[in-house]
Structure formats: C-alpha cells, structure tokens
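Enquirer: what would the 3D arrangement of this be:
(chains A, B and C)
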Amino acid sequence: MGGFGMARRSAWRFTAIFAVLAILLSACASNTPGGTGATSAPAGAKAAYGGSVTFAMNSDITNMDPMLSGLFVDRHLMYAMYDSLVRVTPKGEIIPWLATKWTVSPDGKTYTFTLRTDVKYHDGSAFDAASAKWNLDRYRSTKGSARVGELAPIDTVTAVDAATLKVDLKTPFAPFLSVLIDRSGMMLSQKTVEAGGADFTRKAFNAGSGPFILTEAVKDDHYTFKKNPSWWGTAANGDKLPYLDQVIIKPITDGDVRLTNVRTGQVQATNAVTGKDVPTVKGDSTLVYQEIAGIGNNSLYPNEAAGFIFSDHRLVKAVSMAIDRNELLNKGPAQGVGSVAFGPIAPSHFAFDPNFKPYAAPDIAGAKKLVADVGKGPLKFELLVSSGDAATLQFAQLMQSQLAKADITMDIKTLLFNEIVLQQNDHKHLGMTLIGWSGRVDPDGNVYDFVYTGRPNNAASYSNKSVDALLDDSRTATDQAKRKDDFQKAQQTFVVDDPAMIWYSYNAAQLLTAKNVQGFNVFPDQLPRFETVWLQK
Amino acid sequence: MSEVALPVVVSLQKPGRVSSIRYFLRRNPRMIVGGVLLFILLFMAAFAPFIAPYDPIKVNIADQLQPPSFQHWLGTDDLGRDVFSRVLWGSRVSLSVGVISVSIGFLVGVSIGLLAGYLGGTFDLLAMRVIDALLAFPALVLAIAITASLGPQIQNAMIAIGVVAIPGYARLTRGQVLAVRSSEFIAAARTVGVPPWRIMLRHIFPNIANALVVQATLATAFAILAEAALSFLGLGPQPPYPSWGQDISYSQRYLANMKWWMSAGPGIAIFIAVFTFNFLGDALRDALDPRLRRSG
Amino acid sequence: MTRYILRRLLLMIPVAFLVTIGIFVIIRIAPGDPVLTYAGENPDPVTIAAVRADLGLDRPLPVQYAAWLSRAVQGDLGRSFQTHQRVTEAIIERLPVTFELGVAAILISVTLALLIGTISAIKRNSAVDLVTTSVTLAGVSFPNFYLGLLLILLFAYVVPGHIFPPGGFTPFATDPGDNLRRLVLPAITVATASLAVNLRQVRSSLLDVFGQDYMRTARAKGLHERAVIVRHALKNALIPVVTIIGIQIGAIIEGAIITETIFFIPGIGRLAVQAIPSQDYPVVQGVVLVSALSFMLSTLAVDVLYAFLDPRISFGSAEA
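Expert: Numbers count the residues shown, from 1 in each chain, chains lettered A, B, ... in the order given. Just a heads-up that it's a prediction; the model follows:
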C-alpha cells in the first residue's frame, strides 16, 4: 500500500505483514492430491467440476522464472503452473509430488529419487530424469541464479535412467528435501525456457507441468490460467484433479480495495487481509476466513559497523526486554493477526517449543539495569525504516514509545529499501533495522543464515561457537529428535543468553474465500494451491 | 518553447509610503483577506508549542482512533495522538518547506534569468537549454527522483522542490530582462559606464520585482502542495515529527473503517495553506498588474 | 513553416540529451545498490558481482551512459532490473492507460471551464462570477491525493451500490462499461487541479474578446446576444483553450503520478513512482525520456496549432 510499493519486496519483507495467534483452523488439513492417500472433498459433499475462481494477491509479481525470482509474491503463480519434485502438507510434512519416492544413503550424502513417468509439460515435451537434472543444474550453475545458495550442498546430479534421479551432496545436509519443495525443486521444460530467452521471466507460457496452464499475463492486472486436462494428480476419493476450469490471479495492492473486491464478489479468494479488517470478515456470513500460524517472522536486527553499539549483546537483550510484544501485535498495525514471537522457530516447525517464552512481559526495570550494568551511558540508537510504508512507520513509532519508558532512545530514520539493505550488507549502520522473513519449511531456513558465523544474512556478524556447533550438528543429524534438540538449545543461546537479534512476531497464514468456494486449504507458507479447489453449485 | 503569457512590467508608484499602502489595500480588499489568512498560518506555526493542547508525538495507545470530541477536537490517530496538535505542529514543516524551497528556486532562477537575459550569447543559449530540460521533466517526477536520490529527508525535499521551481523564475526574469534591456534608460546607464552588475541590480531588478513577487507567492502554494505530495509518498520529514502529507498517508489505511478524522485535519490544513498563497498570489497579481486587473 | 518546425525539432535534441543526462546522474547518486534487490534473497558476494557485471553496472558512469544512449537512439531502452520486461514494452503497455485518464480529465476540465467560464465572463463581477472563481481557486488548492481519498471514501463506503469502484483498472477491450466506471473518480481527481487554470483562461480571453471591435459590429448588426457569444466570442476564445490543452500534458503526467498511485491504475505515473525508489534505472530513464519527449512534442504541436488559429502570430517571434 505504500506509495512506493515497498510491500512487494517479499522474502526480505520489511514487516508489512505481521503474524498471529495460531488458531489451527486446518479443518481439512490433509487435503492434498497426488494419489498418495490424501483426501480431497470434505466428507459428505461431492466435489463439482468446472467454474472459475479469481484470487487476489497483495502485489504484482516480478518474475515467473523460479531461477531468478527473488520475491515471495512470485510464488503465487508458480504453484499453479509448475510442479516441484516434492511438496509439503499444511502440517509441514514433505510428500511425494513429481518424485514418487526417495531413499537417502546411510551417510546422508546421496538422495535417489524415483520420478513419475506419466508427466508432460504444457508444451508437450516429457518430464524425465534428464529434464530434472537439466533443471537442477540450471538453477545451481547459471550466472545470476538466485537458487545457487539453496542448492550449494549439491555435488553432482545424475540421471540414472528415465525414472531415477541421483543427487550426491558434498556434505550431509538434513534440510535438503525441504529445499526441493519450492523454487529450487520446480521443474520446467527445457525447450520452452530456452526458446523464451530473456523474455521468459515475463512470458513463461507452457513451461510447467502443473495443474493449470498460464494463458494470459497482463502486468499489474491479471494472470489467467486454464485447466490442464491431462494433469497427473488425483484426489484421495479418486477424483481427477483439478476441478476448476479457470483460475485468475490478480494483484491488488491496496488492502481496502482487495477486501471490497472480495465483498462485492469480483474476487472469490485472497490470502492477504489487513489486521483491522479481520473482525469485519469474520462477521460476514458470505465469507469464510481461515487463519493458521505461518512460518515467517518479524524481527529487529542490529547491524554491525565500526563503533557498533550492540557489540555488547547485553544491550540487544535490554531492547528485547523493554519492548511489549503483545502491545506491538495487538495495538500495532497487525491488530492481533499473527502471534507473539521470541525466536525464529515458528509454531508450525517441528522444532518449535511452546514453552519458550523468555520475554513474555516487558521488563522495564530489568532493561534499565542491564543498560546501567554495561555502563556506557544511556542507550541511544537509530532504527532504519523503509520509506513509504505507512503501517511500518506507525509500528516503529509505537516501538519508539515503548523503549522510551526504559529510557532507551530509538530515533527513526526513513531510507529507501535498497539503501537499508546496502548499509546492512556493507556493515555501515550502527543501529537496527526491521526485517521480515517469509520463512522456510525447515527451521534451518529461518535460523542458519541469520546467526551462523559469517553467513550473508548475518549482518550483525554474530558469532557464537556453541551456536555454530549446534547448527552444524542439526544439518548433519538425520534423527529429527536430535535436530529438534539442537535447534532449541541454539535458540536459548542466540535469543536469551547471548542474544543475536530480537524476534517479536510470527506471521499468520490467512485465506479469505467466498462461501461457495470449497476445498481451498491454507498452508503455513501462505501460498494458494488451486488444484483441490471447487465451486459449490 | 514560447512563453504563454508574459506578465507586464509595472512598478508601484511611490508617493508617501504609509498612505500608499493604505490606498493600495483599500483598492484591493482581497489583499486584506489573504493577509489575514497568512497571519493565521504564521501564528499557528510560530505558537504551535503554546496552542497545541497535547504533545503531538506522545503515543497513547489506549486512546487510539477516537473520533472528534471536546478532549480531542480533531480526534486521535491510530497511535492515540491528538490530530489537532499534530496539525498545528505540521504547519511548521509545510511553511518552512514553502519558504526555503521558494528561496532556493528564487535565488538560483532569478540569477540564471538575469545573467542569461543580460549577457545573451552562448551563456544564454546554454542556460536556456538547461532550463528547457528542467521544464521538460514532469515536475513531481523530478522532485521525487531528487528526493529519493538524496535520501528521503525533509531538507532534500526542500532542495528538490526548489530545483523544480527554478525554470519558472529563470524564464520570467529572462523575458523581463530582454524587454527592459533595450530600453533607453539602460542604454543610457551603459554609456555612462555603470558596471553590468549594478545595472542588473539597480535598474533591471526593480522593474521585474512585481512579477517575481507574484510568481514567488504562487510558487509557495505549489511548494506546500508538493511537500504534502512527497510526504504522502514517504519522502517527507522523519517520523514521529508530524507532517500533513504523511499523516494523510497514515490515515489511508483506515478509510474503509470510516476513521475519516485522521485525514480531515491535515487535509483541510493543506487546503487552507495552499489556498492562502494562491489567493494572495491572485490578489497580488491583480493589484500589481493593471492590465490583468482590467481584463479580470 | 516547415523550417520552423524542423528548427524546433532540432532544438529538442539537445534538450532531450540534457534530460537523459540529468536523470542518469540524479538516480545514480542515490546511495542504494539496485543489485541487492535483484540478486535474490541470500545474495552472496559472488552472485552480486556476477549480477552487477551482467547489468553493466560495474563500468564507469560515462561508459554506461554511452551504452544506454546508443541503444536508446535505436529504440531499445533496455530491460527492467526488476521484472526483466523490455522498458519499451512496459511503456507501450501503460501509455494508453495514462492517455485515457488524461483525455477524460481534459474533457471534464475543459467542458466545465468553458461552461462556467462563459457564464462568469457574461455575468462579470456578479455573485455568480465571484463564487465560481473562488470555488475553482479552492479546487486548485485542494491536494489531489486527499481529494482522491475522499472520493474513494464517498463512493466505496457512503454512497451505496458501488457506482464507482474505489480503484483498479479494467482494460477497455475487456469490459468497456467497467473501464469507464473505474475512470470517473480518478479523472475527476486529475481534472479538478487544472479546472481553475482553464477557467481563468477562458474567462479572461472571453472578456478580452468582448471588448473587440467585431463583437460590437456583430451586436450592431442586431444579432441575438446568445448568437454573438456562441458564434464569435467562444470561437475566438477557443484559441487559448487549445494552448491550455497542450500545456496540460505536463500537468496530466503530474496528476497521474499521485492519482494512479491512489487509485491503483497501471499507468506511466505509477510505473515511475514504483521504479524510482527501487532504483530500476532503465525504467526510470525510459519513463522520463518518454514523458519529456511527449511534453516537448505537445508544446510544439500547440505552438503550431496556435499559429494556424491566430494569423496574427508569426513564427519569427516564437523563440522568445
């Protein structure tokens, strides 16, 4: 909604989206296709075929190529048009998709996937192991690819035969499968990608094998998909998917306009409802509102530079103690959508610890005492906020007033988004920035790059040997319980004992639909899956 | 590009000073209205700390989004701050941007215009191409680009709006200089050996002063409006300092919830401030320019 | 005549040149680094360097400018950093949208200006005159973004039935009715700002015309007053209106910036507002170049048209 469309910036979203209390409303949570035993239509109702659904997202996409896409919003389209090797259930379990099964070698370094043999891309060419290899190699070795980092653990990819793909890793990497859920695991037709050239990013017609085929793309207006009649997926009850004939995805930046469109029936679904409007939609009997805990989070992030104020981590802790997370969540722009956070591991992650509540209430006296203990005089720092986003500015001013109670002076400085990222990466800024992270299915994606010594997103240059050791172990351990233990121990250190940064809220995953829209499930990653959606006649 | 309409050169006759002002005002009652409005604005800005009933930046979350009442004349915003107090303080930003950016545009623009008109030749040609280029920019795009480049802070908004205003003064001044330059008294001054800068200051400048005063007044109106627009887009003063444009952008999110008062105060304030300078500029133009008064 | 137009066109070249250099310098002195936004979510130094080299941003500024200019004169404005779309394509997609908004705004503004201006001029110095001139002065003083918000508020949440939707855009080809409905509020928003200027121009040129000899002649011939106004006065007063329409190209691009942002209309103005802060250099350069060129061409067109309409104007004096 900012005049400058700052909200469109995605994964590194400067907290335009806030998060909520995890009311797990996933009524039909196992509603996943693929002939893998998942159910689709709710019991008692026979799903109907046909019809068209228009879905509103909160900003326009910038890139349809999974290799180059850097924005969260891009993925809205990708889940309709592309298939990936594996997918995830709303509960975060990884399920077969284009890969029907896989085995992992005992040393955790070799993954062998068995692929579907009945899949064709929309351009008619066949999906096989050679195609999968081409995709993975393209993502990890093309100059300028945004997927290089995620796929860095891969050593070699081999197409053993048409239906068998072998991936050898350099070192064991426990979160590897979770990487293949999203863009890094999306399979595209080599023929169409290469024919598209530089225009492919905007005109990715017929490149995927997904349940819907992109037929029209009008920037800033709409994207039209028609049903892929030969899609491979089926519902648990045997229904051939997808149900809908057509899906239209529209970018509508303004929350009020988006809501008005839903209420007037021009749009049947959206995944972005502004906090202040949630009570309204809950009370509207023509609409169905679903909300579950998301995997993304919002945080305050100290940025290291010469003369770094927060190199004494007790001051990070003082700020963390002084803020009132409940007030920020409930009285700030989020208006209660989302939930209070203390660390990066979200409620839907397997490693989440519901009893981890180190800063449950603000501790003004404690914060003052810590600042006094450090003995460098009153704490004063600058918060960089990206200009043009009214909600974030209001949020920053609320936080400013909270910190003032503990005699902590936080000056707000607005800068262009790019400049904030630059100052952060170049270690030029002494204060803090607000960082939103769209989240990853594996907790590793929410933790490692932010606190491990020397990682690119670790702008505070945080370094703690025991955290590094625990996180290393979490990557090589194959046992989930062991990983969970590693994450929780590390979190205790980098949040409480030797704080790296300040997490204050989790995102919510929302879904607002018209009453006659059925089979539409909300996922923690906030992205829509259209293949199971049908319209009640 | 050709000028559309050159305001005509007129100078005020100067009989006794006080009586002439009184005469002038009696002949131009709109000047009085404009003057009173301007006085109110200046008073608001100057005495905001004393008139404002609340601290404009004090967050009071318990009172958020209160409609107008006796306690809060214009209601409260989403952080529970008093809208009326913020409007009063916001006038300081708007007026200082108006004054400073207009001064920048005036000084630079008039200098360029005087030099180009007086020197002519290559300097004139080059300067006017630069001015043409500035004019060819959509003004607001230029202002946004400059502010964004220098950093979204209020000083930079002042510079940007000032730069955007340069061509107006430069073309106006140059045109007037060209008209005056060939006149006999300048030629006479030259032959007597008066140095060029003195000719410009003593002989040319007074002749174009009236037109410039009108231009500056109208430009102040534009500057206030432009500052509001830049602030609305997030390129204004740093929060929590109140600014009219920014406060309206905060309120935009609450339109659907019918919290109209958050924007009503700052919106009307911008309107009054801009109206004041437009009205005054219009009145001044009519008063100082008999030709226009006759036709208007 | 032809020589005059050619000369003016030639003069546009150095101006366009200065405009492109100007915008090139302005957007590049900004401290941010566009590469960071385009290099993905976890940009490592190697990727950043690769992207920078790929975009040609590692070369010295003059070299970058020369490269851009040499392609620009061939009609290639490069690709958006952000969307990888061709800039020419992005502009061509959006120009008709802004054009439609502009035409609608001019129609509203000029029609009202002619109507009210004529009445004002006839009933000069009457109460009607005073009220209309004050109201239009108020119109030009009203911040258009606030006006836009008020209109949205009014028609989306107060007036029942959603007669005019609170924003968004439907292409004319898709649904002409919806296209026009969505056009109304933004067009009013843009038109209000220019109405006062137009009205003042119409009124004062009519007053000028009223004093002319041929008017007296016409009246003396016993023509009905209304016929005099329509046949003689208005026709002559149209000349400055033509000028105004030309000048307004600039004002409309201006109004479009804010109005398109508020009403979520995918036009040129919004393209600029999005591209400037995200430092999408090719898009900013392209949009500024195109709007500067259209501004200069329309000014030229107006000057030429003006001369056609008014034989008293000779081309010799146009380059004042």
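
Enquirer: could you check how far B:L65 is from chain C?
Expert: Separation of B:L65 from chain C (CB to the nearest CB, to the nearest Å) stands at 16 Å. Heads up, the C-betas are built off the backbone N, CA and C, glycines and all.

Enquirer: and that residue, how close does it get to B:Y254?
Expert: 7 Å (CB to CB, to the nearest Å).

Enquirer: neighbour-wise, which of those two wins?
Expert: Legend: neighbour count by other CB atoms under 10 Å in any protein chain shown for B:L65 and B:Y254, higher for B:Y254 (20 against 16).

Enquirer: which residues of the stretch 101-250 of chain C lie near chain A?
Expert: The stretch 101-250 of chain C comes close to chain A at residues C:I152, C:A156, C:H162, C:P165, C:P166, C:G167, C:G168, C:F169, C:P171, as judged by CB under 8 Å from any CB of the partner chain.

Enquirer: what score does the second one have for pLDDT?
Expert: In the prediction, the pLDDT value recorded for C:A156 is 75.

Enquirer: which SS class is it?
Expert: helix (DSSP: H, G, I helix; E, B strand; the rest coil).

Enquirer: number of residues surrounding it?
Expert: There are 21 residues near C:A156, going by other CB under 10 Å.

Enquirer: please apply the same query to the fourth one.
Expert: For C:P165, the number of neighbouring residues by other CB under 10 Å comes to 22.

Enquirer: same question, the third one
Expert: Residues within reach of C:H162, counting by other CB under 10 Å, total 15.

Enquirer: show me where the stretch 101-250 of chain C has helices.
Expert: C:127-141, C:144-153, C:176-210, C:213-220, C:225-227, C:235-263 (DSSP state H, counting those that start in this stretch).

Enquirer: please state the offset of the host helix or strand of C:R94 from the chain centre?
Expert: According to DSSP states H and E, C:R94 maps onto helix C:87-122. Taking CA atoms, centre = their mean, to the nearest Å, one finds the center of helix C:87-122 at 8 Å from the center of the full chain.

Enquirer: now it against helix C:176-210, angle please.
Expert: Angle, helix C:87-122 to helix C:176-210, by axes from the mean of the first three to the mean of the last three CA atoms, to 10 degrees: 50 degrees.

Enquirer: what comes up buried for helix C:87-122?
Expert: C:87-88, C:90-91, C:93-95, C:97-98, C:100-102, C:104-106, C:108-110, C:112-114, C:116-118, C:120-122 (16 or more other CB atoms under 10 Å in any protein chain shown).

Enquirer: quick one: that helix near chain B?
Expert: No: Helix C:87-122 stays clear of chain B (CB under 8 Å from any CB), getting no nearer than 10.0 Å.

Enquirer: and that helix, what does it pack onto?
Expert: Applying 3 or more CB pairs under 8 Å, 6 or more residues apart in numbering or on different chains; DSSP states H and E, one finds that helix C:87-122 contacts helix C:127-141, helix C:176-210, helix C:235-263, helix C:268-275, helix C:281-309.

Enquirer: tabulate those helices in a markdown table, adding columns for mean pLDDT.
Expert: Compiled in a markdown table, the helices and strands packed on helix C:87-122 are given as follows (pLDDT from 0 to 100):
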| stretch | mean pLDDT |
| --- | --- |
| helix C:127-141 | 80 |
| helix C:176-210 | 82 |
| helix C:235-263 | 73 |
| helix C:268-275 | 85 |
| helix C:281-309 | 82 |
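
Enquirer: highest average neighbour count across these?
Expert: helix C:268-275 (a mean of 27; mean count of other CB atoms under 10 Å in any protein chain shown).

Enquirer: now B:A62: how far from C:F99?
Expert: According to CB to CB, B:A62 and C:F99 sit 50 Å apart.

Enquirer: hmm, I typed the wrong one, I wanted A:Y452.
Expert: A:Y452 is 53 Å from C:F99, by CB to CB.

Enquirer: same question for C:A173.
Expert: According to CB to CB, C:A173 stands 15 Å off from C:F99.

Enquirer: ok, A:M78 next?
Expert: Counting by CB to CB - A:M78 and C:F99 are separated by 33 Å.

Enquirer: which residues touch the residue in the stretch 51-200 of chain A positioned nearest to chain B?
Expert: Closest contact between the stretch 51-200 of chain A and chain B, by CB to the nearest CB, is at A:N58 (13.1 Å). With contacts defined as CB atoms under 8 Å, 6 or more residues apart in numbering or on different chains, A:N58 is in contact with A:A7, A:V73, A:P251, A:I252, A:T253, A:G255, A:R258, A:T270, A:N271, A:A272.

Enquirer: mind checking pLDDT for it?
Expert: On pLDDT, A:N58 comes in at 89.

Enquirer: now do the phi/psi pair for it.
Expert: phi -90, psi 0 (degrees, to the nearest 10).

Enquirer: also A:V288?
Expert: Per-residue torsions, A:V288: phi -120, psi 120 (degrees, to the nearest 10).

Enquirer: that one - nearest residue in space that isn't next to it in sequence?
Expert: Sequence neighbours aside, A:T513 is the residue nearest to A:V288 in space, at 5.1 Å (criterion: CB to CB, 6 or more residues apart in numbering or on different chains).

Enquirer: sec struct for the one you found, please.
Expert: Look at A:T513: counting by three-state DSSP, its state is strand.

Enquirer: in the stretch 151-296 of chain B, what residue lies closest to chain A?
Expert: For the stretch 151-296 of chain B, CB to the nearest CB, closest residue to chain A: B:G234, 3.1 Å.

Enquirer: find the nearest non-adjacent residue to that residue, please.
Expert: Nearest non-adjacent residue to B:G234, counting by CB to CB, 6+ apart: A:G388, 3.1 Å away.

Enquirer: is it true that the one you found lies in a strand?
Expert: No: applying three-state DSSP, one finds A:G388 to be coil, outside a strand.

Enquirer: surely A:D168 is in a helix?
Expert: No: counting by three-state DSSP, A:D168 is not part of a helix but strand.

Enquirer: neighbours around it, how many?
Expert: Residues lying near A:D168 (other CB under 10 Å) number 15.

Enquirer: my guess is it contacts A:P153. True?
Expert: No: assessed by CB atoms under 8 Å, A:D168 is found out of contact with A:P153, at 9.8 Å.

Enquirer: who in the stretch 51-200 of chain A is up against chain C?
Expert: A:62-63, A:68, A:70, A:143-150, A:198-199.

Enquirer: need the residues you listed in JSON lines (columns: secondary structure, distance to B:H203 and pLDDT).
Expert: Compiled in JSON lines, these are given as follows (DSSP: H, G, I helix; E, B strand; the rest coil; distance: CB to CB, whole Å; pLDDT from 0 to 100):
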{"residue": "A:T62", "secondary structure": "coil", "distance to B:H203": "59", "pLDDT": "82"}
{"residue": "A:N63", "secondary structure": "coil", "distance to B:H203": "63", "pLDDT": "87"}
{"residue": "A:L68", "secondary structure": "coil", "distance to B:H203": "65", "pLDDT": "87"}
{"residue": "A:G70", "secondary structure": "coil", "distance to B:H203": "62", "pLDDT": "79"}
{"residue": "A:K143", "secondary structure": "coil", "distance to B:H203": "66", "pLDDT": "81"}
{"residue": "A:G144", "secondary structure": "coil", "distance to B:H203": "64", "pLDDT": "77"}
{"residue": "A:S145", "secondary structure": "coil", "distance to B:H203": "69", "pLDDT": "84"}
{"residue": "A:A146", "secondary structure": "coil", "distance to B:H203": "66", "pLDDT": "83"}
{"residue": "A:R147", "secondary structure": "coil", "distance to B:H203": "71", "pLDDT": "89"}
{"residue": "A:V148", "secondary structure": "coil", "distance to B:H203": "70", "pLDDT": "87"}
{"residue": "A:G149", "secondary structure": "coil", "distance to B:H203": "70", "pLDDT": "84"}
{"residue": "A:E150", "secondary structure": "coil", "distance to B:H203": "74", "pLDDT": "88"}
{"residue": "A:A198", "secondary structure": "helix", "distance to B:H203": "62", "pLDDT": "85"}
{"residue": "A:D199", "secondary structure": "helix", "distance to B:H203": "63", "pLDDT": "86"}
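
Enquirer: please consider this matter closed, and thank you.
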